[in-house]
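Student: A structural model of the following input is requested.
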Amino acid sequence: MFSYENFKITAYKLLSVVHEQNNPAHRSLPPVEQQLWKNLWKLKTLPKIRHFLLRVLSGAIAVKERLRSRNLGTDTTCKTCGQGPETVCHLLFTCPAAVEACKIAQIPPPRGGFSPNSTFLNLHYLVACTKKRNAELGNFKTFPWILWNLWKSRNSLVFENSRSSDFSCVTKSVEEANIWFQVNNDTCVPSHDIAQPLPLSDHWVRPPMGLLKCNIGSAWDHLWGLIGTGWLLRDRQGTPINHSRRAFSESTSRREADLNSLLWAVESMVNMRLKNVILEASSIELREALLEPHQYPELKSLIERILLLFSRLDSWSLIHVQGSRNRVATAIAVSVITDVRTQSYVATGGPSWLSHTILSEAQAV
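Tutor: The predicted model follows:
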């Protein structure tokens, strides 16, 4: 009987035979290299990314240094950074863009740093880290998507002269990884996520064990530039721990208003010495600004302040949800605009005038 597992094994053996035929000098690979090839073939990721990583290991991607060896160009300078020759190791592991991407994704390099010359050592380290227990895992399981998107970003820059930010590369990678693991009924919950896909639910969902959830609301009066911000922090049982309302002035856009709301919420979590928090917001403008910050240079300093505050939390996620899952926080924010409640505060528990909604959401989970 045909089975997908048998097909995968057969395909791997076929790939090994082709590799040996094309590389006579490497017909007898050391056991550790053979094991890495097998591990890459079994890696939990998209098939196209697995094939990409196998090509990376064999040096078969068209970086400038490899093209020059085939007399297809003379300039080997990395266009991404302009600081060194574009080799496979440089582009994916030691280029400042790759280093920054790993930093944002919370993927620590080996103790001595990634090798500038050996893709084998670099991939061996990353694959080995994916086998660690979840407590030690961090975002390592997202590394295939990060390398893939670094390669795609490089190609967009070379062929379309379109440059994307390191932050955008990582957030896109994390989001794609989470979607893949959810669809394949696997577990990959990176400790630091931005703009994850929303779970399929039309009401507030309790956080996992050991985590708190902070819902963030935002409202903006375009005539007066007034921003209304509200957040509500709840535990796993849906019991409100703290809530806040704050007014800001002189905002020129809805996107700026939503970023200020997020800034206030994260700043509050840090000041309250909370370390493990899930944040939820229903702003499309906020999601766009975080996924593509280079599109909004006027908001660069605001986004950088938010990211700096995020770095002070141990474990966090920022999830985009539909409005029905964010009703209480949004109502607090809207009250600043509609009822001119401009007094800012942080208080224990939830707002009394929304107690019925808070209770009904807690009972629904």
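
Student: separation between G82 and Q106?
Tutor: Using CB to CB, to the nearest Å, G82 is found at 27 Å from Q106. Glycine gets a C-beta too; all of them are placed from N, C-alpha and C.

Student: of those two, who's got more company?
Tutor: With neighbours defined as other CB atoms under 10 Å, G82 and Q106 compare such that Q106 has more, 17 against 8.

Student: I'd say the more buried one and K141 touch.
Tutor: No. With contact defined as CB atoms under 8 Å, Q106 does not reach K141; the gap is 12.0 Å.

Student: any stretches of the stretch 151-300 of the chain with poor pLDDT?
Tutor: For the stretch 151-300 of the chain, the stretches flagged by pLDDT under 70 are 182-183, 185-202.

Student: helices of that one, start to end?
Tutor: Counting by DSSP state H, counting those that start in this stretch, the segments of the stretch 151-300 of the chain that form helices are 166-183, 254-271, 284-291, 300-310.

Student: what residues sit buried inside the second one?
Tutor: Read it as helix 254-271. 254-266, 268-270 (16 or more other CB atoms under 10 Å).

Student: and it, how far from the chain's centre?
Tutor: Computed by CA atoms, centre = their mean, to the nearest Å, the chain-centroid distance of helix 254-271 equals 19 Å.

Student: so what secondary structure elements neighbour it?
Tutor: Judged by 3 or more CB pairs under 8 Å, 6 or more residues apart in numbering; DSSP states H and E, the packing partners of helix 254-271 are strand 212-221, strand 226-234, strand 240-248, strand 276-281, helix 284-291, helix 300-310.

Student: tilt between that helix and strand 212-221?
Tutor: Going by axes from the mean of the first three to the mean of the last three CA atoms, to 10 degrees, helix 254-271 is angled at 150 degrees with respect to strand 212-221.

Student: what do you get for the first one?
Tutor: Relative orientation of helix 166-183 versus strand 212-221 (the same axes, to 10 degrees): 130 degrees.

Student: so which of the helices and strands packed on helix 254-271 comes closest to V328?
Tutor: strand 226-234 (5.0 Å; CB to CB).

Student: tell me the domain boundaries of the protein?
Tutor: Per automatic domain parsing, the structural domains of the chain span 16-189, 194-364.

Student: follow-up on the earlier one: Throw the helices and strands packed on helix 254-271 into TSV and include distance to P110, thanks.
Tutor: Formatted as TSV, the helices and strands packed on helix 254-271 follow (distance: least, CB to CB, whole Å):
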stretch	distance to P110
strand 212-221	34
strand 226-234	38
strand 240-248	40
strand 276-281	27
helix 284-291	29
helix 300-310	25
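
Student: mind putting these into CSV with distance to N178 and mean neighbour count?
Tutor: Output for the helices and strands packed on helix 254-271, formatted as CSV (distance: least, CB to CB, whole Å; neighbours: other CB atoms under 10 Å):
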stretch, distance to N178, mean neighbour count
strand 212-221, 17, 25
strand 226-234, 23, 26
strand 240-248, 27, 20
strand 276-281, 13, 22
helix 284-291, 14, 19
helix 300-310, 17, 16
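
Student: which one, of these, ends up nearest to G349?
Tutor: Across those, closest to G349 is strand 240-248 (CB to CB), at 5.1 Å.

Student: ok, the closest one: who's next to it in the sheet?
Tutor: strand 226-234 (antiparallel), strand 345-348 (antiparallel) (DSSP bridges).

Student: let me have the ones you listed in JSON lines, extended by distance to Q322.
Tutor: As requested, the strands paired with strand 240-248 are arranged in JSON lines below (distance: least, CB to CB, whole Å):
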{"stretch": "strand 226-234", "distance to Q322": "17"}
{"stretch": "strand 345-348", "distance to Q322": "26"}
